[in-house]
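J.: have a look at this fold, sequence not included:
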């Protein structure tokens with residue numbers, strides 16, 4: 001009536017993790033690098049180069065949308081002529097785009 005209880009055999013030892021176990025994580029990291037990190041670094045490098053090459057007389061657009069011509073260029077600030085005789089001062093980092101010469105006249 002009472003059956004004997006036998007101990008269950010021990011489970012086999014887990015194999016040491018290999019490269020195959022981490023392969024999906026490595027693939028995700030590589031995709032993340034090429035789709036997000038690398039393009040962002042490239043854009044930041046281009047922006048820094050553009051800011052370093054600014055000169056008096058260049059036509060620019062700021063991040064706030066102001067369009068104007070550089071009247072004076074400092075290390076941290078740019079004097080921007082947005083109309084005849086109207087000059088504003090903006091931070092150099094707020095310069096977003098360098099426009100081709102003559103763009104302001106066509107607006």
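T.: That came through fine. Computed from a predicted structure; not experimentally measured. Residues are numbered from 1 along each chain as shown.

J.: what are the ranges of the helices in the protein?
T.: Taking DSSP state H as the test, the helices found in the chain are 19-32, 38-52, 103-106.

J.: I'd like those helices written out as CSV, with mean pLDDT and distance to residue 84 added.
T.: (C-beta placed from N, C-alpha, C; glycine too.) Shown next, in CSV, are these (pLDDT from 0 to 100; distance: least, C-beta to C-beta, whole Å):
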stretch, mean pLDDT, distance to residue 84
helix 19-32, 90, 50
helix 38-52, 95, 26
helix 103-106, 88, 11
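
J.: relative to residue 34, how far out is the spatially most central residue of the chain?
T.: Among the residues of the chain, the one closest to the centroid is residue 40, at 3.1 Å (C-alpha atoms, centre = their mean). From residue 40 over to residue 34 the distance is 11 Å, taken as C-beta to C-beta, to the nearest Å.

J.: cool, residue 81 as well?
T.: According to C-beta to C-beta, residue 81 and residue 34 sit 42 Å apart.

J.: the two: who's more crowded?
T.: residue 81 (17 against 10; other C-beta atoms under 10 Å).
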